[in-house]
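S.K.: Next one to model:
(chains A, B and C)
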Amino acid sequence: MRCGLVFTASGQLDLGGIKFYKTYLFSRSTVKNMKKVGNSSCSDGFLLRMGLNDNKAGMQGLDKEKINKIIMEATKGSRFYENELKKDQQVNQRIEKMMQLKEKITTQQLLKAQLQVDKLVIELEQNRNLSNTIVHIDMDAFYAAVEMRDNPELKEKPIAVGSMSMLSTSNYHARRFGVRAAMPGFIAKKLCPHLTIVPLNFEKYGKVSKEVREILSEYDPNFMPMGLDEAYLNLTEHLEERQNWPEDRRRFFFNTESTTEKVLFEDNTPLMDDDPEQRHQSEENSVVFGNSAEEVVKEIRFRIEQKTQLTASAGIAPNTMLAKMCSDCNKPNGQYKIPPERQAVLDFLKDLPIRKVPGIGKVTEKMLKALGIVTCSELYQQRALLSLLFSEASWRNFLDISLGLGSTHLERDGERKSMSTERTFSEMNTAEDQYSLCRELCRDLAQELQKEGLKGKTVTLKLKNVNFEVKTRASTVLSSVSTEEEIFAVAKDLLGTEIDSVAPHPLRIRLMGVRVSGFLSEEEKKYQQKSITSFLKSGREVGFLSLQPGMSNQECFTKNSEASPRGSFFDKKRAARQLNRENFSPNETVGKQPFHDGKSSAKFVEETKKVTDLQSSNVCKIFTCPVCFEEQSSNNLEELNRHIDECLNGTFIKDTVEMSKNNNSGESTLNFLPQVKNENVDECQKNKKDQLAGSDQSASTSDKSTSNSTDKFTQVISDKPNRERQPSNLSDMARNVCMKQCLFPMRISQGSEDHFGKTEHTEETSSSCFFEAKEESVLVCPVCNSEQKTTSLVSFNRHVDVCLNKGLIQELTEKKDFPTKTYNMENSDRVGGLSRGQQCTNPSQGTKRSGLTASQSVSKKAKSSNSKHTIEKFFK
DNA sequence: CGGATCGAC
DNA sequence: CTATGTCGATCCG
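M.R.: Just a heads-up that it's a prediction; the model follows:
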C-alpha cells in the first residue's frame, strides 16, 4: 500500500512546473536578440531549461523525493490525511471491482467488442474534422504574475497567491520547491521557508483579464473564456479574412512606456522566428505579423504582453481538446501547434500521458493505470476492454481522446444550472451558530440569485464535518424559491435533520454550503409572468403560485389558508410550514432547538392532518378528461388516473404503431422501448449485470417494458431537454401548466409524492383545478399565446385544454427520437464517470446543435436519433 | 430525485 | 494552528 499516493499524485500534477526561463529585456534590442535564438526549437528549449535548472545562482530547488518527504511529515496523522486515506481506499475498491469484472471477460467477448468498437472507430475517422483552427490561450501563473508585475520586489522571490490555508497559484520560483496551486500555505512554507504569500485580489485579476479579453475578441468575437486566465478561440474565420489584409493592419507597436521595464519573454519561442519573409521590422518600434495561425497567435501574445506586461502560452490545433494540451507544451510563454493532419495528431498523442488530457483526473488516471494504461496510445490499444469495463459515455470519451477527436467549434455558454455559496471555518458545533450561519449563507445566496433574476426549485445543503467527510442533503419544492426566507425555510429543515441525526452529539462541522438549482427555464418564466399572473389576478381566489406584488409568498400562503377553507392542499401545507417557521425567530429562539422540539413538530403534524381531513371530505368532482374530452365523475383519483391512462394509452399506442411502421421495424406493436435496448446490447453487457447483481436484473428490464403507459408518458415529458428553443416545447409547457396550475388533473410526475404524499396530491389535483372568475378578463393562453376574452375560467380552461391536447398529441406523434434509455446499457457495472471538462471539450464534432448546453448536448448525443442509428448499425 | 463523486479553474 | 470555492456532469439507488 502506497500510503503517500495522494501526494505523489500531486507530484504528477507537475505540468512542467520545474522549469527555468530566461527573462529578456523586451525592447528594441530584444527583437534583435530574439532573432539570434530564433531557431531554437521546442526540444532545445527543454534541454536549455533542464540544463539551467540546477545552477541558477541563489535559487536552489528541491527534488521530488525531498518534497514528498516534507509534505508527508506535515501531513500524516491529520484528520485531513486520514480522510484522504479513506478516499484512496474507496478508489482502490472501485479498482478491485473493475479488475474482478475484467477477470470474467472471455476472449470471445473481447473479440466481439473489438469488432464493434472498430466499426465505430471507422465512423469516427470518417467524420474527423481538421478544418478548424482552435487556439487555447493560457496566462502563465496568472495571479502570481499579476502580483509580481505590481510589486517588483517580488520578482525574484518565490511567491504564492492565496492564504496560509490554501494557495491559488505560485510563481515558477516557488514551484521549484514543490509549492503549487491547491496546496495549503502552511505546508508550502515548510517546503520553502522564504516563500512570500500574497493575498488574493480578484478585482485586480478581473481587470487584467478584461484587458486580455478585449484583445481576444478582435480575433474571435465568440471566443470562450474559461475562468480568468484561459480562453478558447476559433481562428478559422479570422485567418481567412486576414489573407487579404494589408501589412499595416498586421503591424503592432511596442509600448514605449514599458520598454524600460523588464518583461518576461522566453527564449524558445521568439517573436522573430524562422519566417522572416512574413514578418519584418519595418519601423523602429513596430512589428508586422504574418498570416499563418502561428503568426496570429504570436501577435495575440505580443499584444497581451504589451498591454498587460504578462505572458501567455498558447496551443493551436484542430480541436479544443488538442489545443488545450498544446498550450501546456511550451509553457510558460510559449506556444505549440499541431498541424491539421491526422498523422500529426496521432504522433502528438502517442506517448502523451492520459493525465494530461482535460477531463482525466486523479481517479480516472489511477483506474486506467490499474489496467496498464498510461499513455494515449495505450488507451487506444485497450479500447475493446475499456468498452466492456466502463460506461458508454466513458469509453466513448476514451476513444475520442485516443483518436485525438474533440470539439471543433466553441459553444456558447448555456444558462446557469445552479448557484451556491459555501464557507469553511474553524470547528462549529452549536446548533445556534449553525442555524445563523445557514441563514447568512441563504442571505448571500438570495442576493446573488436576485442579481440574475433566478428562482430555483431545489435547495441543497452541504456539510463537511471536522473529519472532512462531505455530505449533501437536498430538497426540492414545488414553487421556486429565491429570497433569503424561502431558501432558509428549506435549508433549515435539512440542517435540522442532520443535527437530529447525530443527536445527542453535537454536529461538528468545518464547512457549510447552500445551493439552489432547478431554475425555471426561460419558457417557464415567460409563461409564469405572461399568463399565469394575469390569470390568477383575474380571479378572486388566489392559487398557490400567486405572484401578487407587495405580498411575499408566505404572507400569501398564510392568508390563503387561513382565509379560505377551500385553499389547495399546497397552500395549507405551506401554511403549516410557515407556522412552523414562525415559531422560529432566529435571533431569540435559535438556541433552543426550535425545529425539533416536540411542540412544533406536533403542531406541524396536527396542521397537516387537519389539512388532509379537510381535503378528503371535499371529494367527488366532475372533470373533463384532457384526452378524450368526456366528462368524468369520480370520487377516486385512482380511477381518474386510470381513465386518463387508458385514454392516453389509446392515443399513445396508436402513435407508436405508426412510428414503428415508418421505421420498417415490423416488430410487434409494443416493441418500442426497452426491448430495443435488449436486442442491441452486447451479450457481455448483459452478463456484466447478471454477474454483479444477481438474477433479478433481467426482470427489471422487462418491468420497464411492461410498465403502464402513464409511465411512458411521464418519460416522454421528463426526458425532453428542458431548454429547447422555438418552436416552443409543448410537452414542457404541458408539464408546466399541469404542475403549476393544475388546469386539469393528470399525473405528470411521480416525484411530487415524495414531498406531499400520494393522497394529498390527489386532493390537490381534483379539488383546486378550476378557479372561478367573476369579471370578464382577457387571459393569454399559455399554449397558443393568443388572447382569450372570457368571463368564465371554465371556458378558458377548456380552451387551454384543447390547445394543449392538440399540441401535445401532435408533438408526441412527430417525435421520432423517442426518449429512451436504449443505450444506457448498464446499471451496476459502471466504474468510470465523465466530468464537465470532457463534456465541454468533447462533444461530437461539427454536428449541428441547437443551443444546447454541454450536458444537454451529450445526453442528446446519447439519445438522439442520429446516434441511435449509429449505434444500431454498430451493434448489428 | 437525492447523494456521492469526479474534474476543472 | 492551518487542507478553498464554485460549477457542471455522471452514476447509482
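S.K.: And the residue of the stretch 201-350 of chain A closest to DNA strand B?
M.R.: A:Gly227 (2.4 Å; Cβ to the nearest atom of the strand). From N, CA and C alone the C-beta is placed, and that goes for glycine too.
S.K.: helix, strand or coil for that residue?
M.R.: At A:Gly227, secondary structure determined by DSSP: H, G, I helix; E, B strand; the rest coil is coil.
S.K.: count of neighbours near it?
M.R.: 11 (other Cβ atoms under 10 Å).
S.K.: again, but for the one 10 residues further on
M.R.: The number of residues packed near A:Glu237 is 14, by other Cβ under 10 Å.
S.K.: For A:Thr196, list each beta-bridge partner.
M.R.: Taking DSSP bridges as the rule, A:Thr196 bridges to A:Ile159.
S.K.: pretty sure it is in contact with A:Glu156, am I right?
M.R.: No - checked against Cβ atoms under 8 Å, the pair A:Thr196 and A:Glu156 is beyond contact range at 10.9 Å.
S.K.: Within range of DNA strand C, give me the residues from the stretch 151-300 of chain A.
M.R.: Residues of the stretch 151-300 of chain A lying near DNA strand C by Cβ under 7 Å from any atom of the strand: A:164-166, A:168, A:182-184, A:186-187.
S.K.: Now with 10 Å, please.
M.R.: A:162-168, A:181-187, A:189-190, A:200, A:227 (Cβ under 10 Å from any atom of the strand).
S.K.: Next, give phi and psi for A:Val470.
M.R.: Main-chain torsions, A:Val470, degrees, to the nearest 10: phi -100, psi 140.
S.K.: Kindly state the pLDDT recorded for it?
M.R.: For A:Val470, the model assigns a pLDDT of 98.
S.K.: Can you pull out the low-pLDDT segments for the stretch 501-650 of chain A?
M.R.: A:525-650 (pLDDT under 70).
S.K.: Report the closest residue of it relative to DNA strand C.
M.R.: Nearest residue of the stretch 501-650 of chain A to DNA strand C: A:Leu511, at 5.2 Å (Cβ to the nearest atom of the strand).
S.K.: isn't that residue right up against A:Leu461?
M.R.: No - in this structure, A:Leu511 is not within contact of A:Leu461 by Cβ under 8 Å, at 11.0 Å.
S.K.: more crowded one of these two?
M.R.: More neighbours surround A:Leu461 than the other of A:Leu511 and A:Leu461, with 25 against 16 (other Cβ under 10 Å).
S.K.: Name the nearest residue to that one, sequence neighbours excluded.
M.R.: In space, and not counting its chain neighbours, A:Leu461 is closest to A:Leu494: 4.1 Å by Cβ to Cβ, 6 or more residues apart in numbering.
S.K.: I'd assumed the one you found was in a strand, is it?
M.R.: No - counting by three-state DSSP, A:Leu494 is not found in a strand; it is helix.
S.K.: Can you name the residues that contact it?
M.R.: A:Leu494 makes contact with A:459, A:461, A:473-475 under the criterion Cβ atoms under 8 Å, 6 or more residues apart in numbering.
S.K.: Within range of DNA strand B, give me the residues from the stretch 501-650 of chain A.
M.R.: Going by Cβ under 10 Å from any atom of the strand, the residues of the stretch 501-650 of chain A near DNA strand B are A:517-518.
S.K.: How about the stretch 351-500 of chain A?
M.R.: Taking Cβ under 10 Å from any atom of the strand, the part of the stretch 351-500 of chain A that reaches DNA strand B is made up of A:354-368, A:394, A:457-463, A:469-478, A:490, A:494, A:497-498.
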